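> Quick one, what's the 3D model for this:
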Amino acid sequence: MMGRRAAAASALGLGTLTTLLAVYILIEQFPRGLIVFGCTALALAAAWYGLLRRGAARVAGFAVALLALTASLLVLILDGDHVIEAILVGLGIVGTLAAARAAFRLHVPLSPAASPEHPVLFYNPKSGGGKAERFHLDAEARARGIEPVELRPGTDLRDLVEAAVARGADGLAMAGGDGSQAVVAEIAAGHGLPYACIPAGTRNHFALDLGVDREDVVGALDAFVNGGEHRVDLAEVNGRVFVNNVSLGLYAEAVQKPGYREAKLRTILDTVPEMLGPEGSGLDLTWRGPGGHEHRGGAAVLVSNNRYRLGRAVGSGTRPRIDDGQLGITVASAPTGTGQGPLAQRPWREWSAPEFEVRAEHPVPAGIDGEAVTLDPPLNFRIRPGVLRARISRRHPGASPSAAVPETAWGGVRRLARIATGRPTTTKED
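You can find the predicted model right below:
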């Protein structure tokens, strides 16, 4: 705790001093200082953006920050008399970024839990490009007293798991994609058994939001050795459990196509005119928004096991919590229904609810945790609060990477102030 407080205080202090130095340069070197101040502000904003995002967005944020910082330093260095100021501005930005990252690094204390006596690991050797084989998960599991069971072609995962429970398994783990995770998690919840998510799939979205270190595939097995426990939610649609989300509309139509796995982006782009073009069918679904008004149409509906941060929010694409007891519901593009509320006026709307119903006149293509399926209407979604006893290695974070940070930069400054002063923080916006 003291380490996080010191890091937060350092981030606030360095950020303030760097900003004041930039203001001094702005005044003392006007109008040239205006360029330095603008570049410094841009570098700080872009670095913050990159720090709290993943993938291409993180790379883009850091790249813009580096370019802006370089520009401000060049202006000062070329002046000849302000080399020291240039160095201090650069160090201030780098130091602020490093301290903020350390302050927001989260490690959640987990409830103590006894190790199962007969845990079983189910693994797909081909998932994630062969991670299970590459990391020798079967041997690593045996070394920890965990029975490994390989998912072979033609075998049914659900049957394997139920058979293991019948012969005395008291802990279930899955090394594979999120679709397989949902099957094992559902059975574990149904029998009241502890469950461990081993990040051996391609994306491992559920592992990320559980707080499992996706880079430590083998270490995730320690969830059944000395791990802690955290109760989390599952969601279901028409009785089928999902751990991440169900998509209807544009993405769901794309995953139905034969070439999706080989060319995902191209397939999605090819699906756009089919659904949204002049002769497109659109999304012929009906649902009720948060105000109770009925709506119809749109481009996509996403229903998730707890709310995602979407759009421009900090930590976009992750769920700060998966124990909030609520579905996340997002509708993209303006509906054309009869409602007169805000939902009919905005192209993007999201809300939370414990239940959600979608009606249609025909079977509905859907993507459930990335798997293409067709669902018979009506589609009844509901959350199952706290039903899954998730076990997590104590070396892993134990919470989503977005759990410690608010959704805006200003909220981040306020959160840093709370951490620095030792005041309680929550996973929601301060």
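
> mind giving me the domain ranges of the chain?
2-105+407-420, 124-230, 245-386 (automatic domain parsing).

> I'd like the average pLDDT over the second one.
Averaged over domain 124-230, pLDDT sits at 95.

> Kindly report the same for stretch 323-332.
The model assigns stretch 323-332 a mean pLDDT of 91.

> What is the longest helix anywhere in the chain packed up against?
In the chain, taking DSSP state H as the definition, the longest helix is helix 2-28. With contacts taken as 3 or more Cβ pairs under 8 Å, 6 or more residues apart in numbering; DSSP states H and E, helix 2-28 sits against helix 32-51, helix 83-103, helix 409-420. C-beta here means a position set from N, CA and C on the backbone, and glycine is covered the same way.

> could you point out which element follows the second one?
In this case it means helix 83-103. As assigned by DSSP states H and E, the chain's next helix or strand after helix 83-103 is strand 119-123.

> which residues are in contact with the helix or strand following that following strand?
The first helix or strand that comes after strand 119-123 along the chain, using DSSP H and E, is helix 127-134. Contact with helix 127-134 is made by 123-125, 137-138, 175-177, 180, 200-202, 204, 217, as judged by Cβ atoms under 8 Å, 6 or more residues apart in numbering.

> Can I get the buried ones among those residues as something I can paste into PyMOL?
Selection of buried members from the contacts of helix 127-134 for PyMOL, criterion 16 or more other Cβ atoms under 10 Å:
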select buried, resi 123+124+125+137+138+175+176+177+180+200+201+204+217
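
> Rebuild the domains of the chain as TSV, extending it with distance to residue 118.
What follows is the domains of the chain, written out as TSV (distance: least, Cβ to Cβ, whole Å):
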stretch	distance to residue 118
domain 2-105+407-420	35
domain 124-230	5
domain 245-386	24
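
> Output the helix or strand hosting residue 182 in PDB with nothing but the alpha carbons.
Taking DSSP H and E as the definition, one finds residue 182 inside helix 178-191. Listed next in PDB are the C-alpha coordinates belonging to helix 178-191 (Å, rounded to 0.1, in the frame of the first residue of the first chain):
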ATOM      1  CA  ASP A 178     -13.300 -18.700 -23.900                       C
ATOM      2  CA  GLY A 179     -16.000 -20.900 -25.400                       C
ATOM      3  CA  SER A 180     -14.400 -23.900 -23.600                       C
ATOM      4  CA  GLN A 181     -14.000 -21.800 -20.400                       C
ATOM      5  CA  ALA A 182     -17.700 -21.200 -20.400                       C
ATOM      6  CA  VAL A 183     -18.500 -24.900 -20.500                       C
ATOM      7  CA  VAL A 184     -16.200 -25.800 -17.600                       C
ATOM      8  CA  ALA A 185     -17.200 -22.700 -15.600                       C
ATOM      9  CA  GLU A 186     -20.900 -23.600 -16.000                       C
ATOM     10  CA  ILE A 187     -20.400 -27.100 -14.700                       C
ATOM     11  CA  ALA A 188     -18.200 -25.900 -11.800                       C
ATOM     12  CA  ALA A 189     -20.800 -23.400 -10.800                       C
ATOM     13  CA  GLY A 190     -23.500 -26.000 -11.000                       C
ATOM     14  CA  HIS A 191     -21.700 -28.400  -8.700                       C
END
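
> Scan this structure for its longest strand.
Using DSSP state E, we find that the single longest strand of the chain is strand 379-392.

> residues contacting residue 137?
So residue 137 contacts 121, 123, 131, 148, 175, 198, 200, 217, 218, 221 (Cβ under 8 Å, 6+ apart).

> about what we covered before: what angle sits between the longest helix of the chain and helix 32-51?
150 degrees (axes from the mean of the first three to the mean of the last three Cα atoms, to 10 degrees).

> buried stuff in helix 2-28?
For helix 2-28, by 16+ other Cβ under 10 Å, it's 4-5, 7-12, 14-15, 18-19, 21-22, 25-26.

> same question, stretch 206-216
Buried residues in stretch 206-216, counted by 16+ other Cβ under 10 Å: 206, 207, 208, 209, 210, 211, 212, 213, 214, 216.

> Which helix or strand contains residue 303?
Taking DSSP H and E as the criterion, the element that holds residue 303 is strand 300-305.

> What strands line up against that strand, and which way round?
Here strand 300-305 is paired, per DSSP bridges, with strand 245-249 (antiparallel), strand 327-332 (antiparallel).
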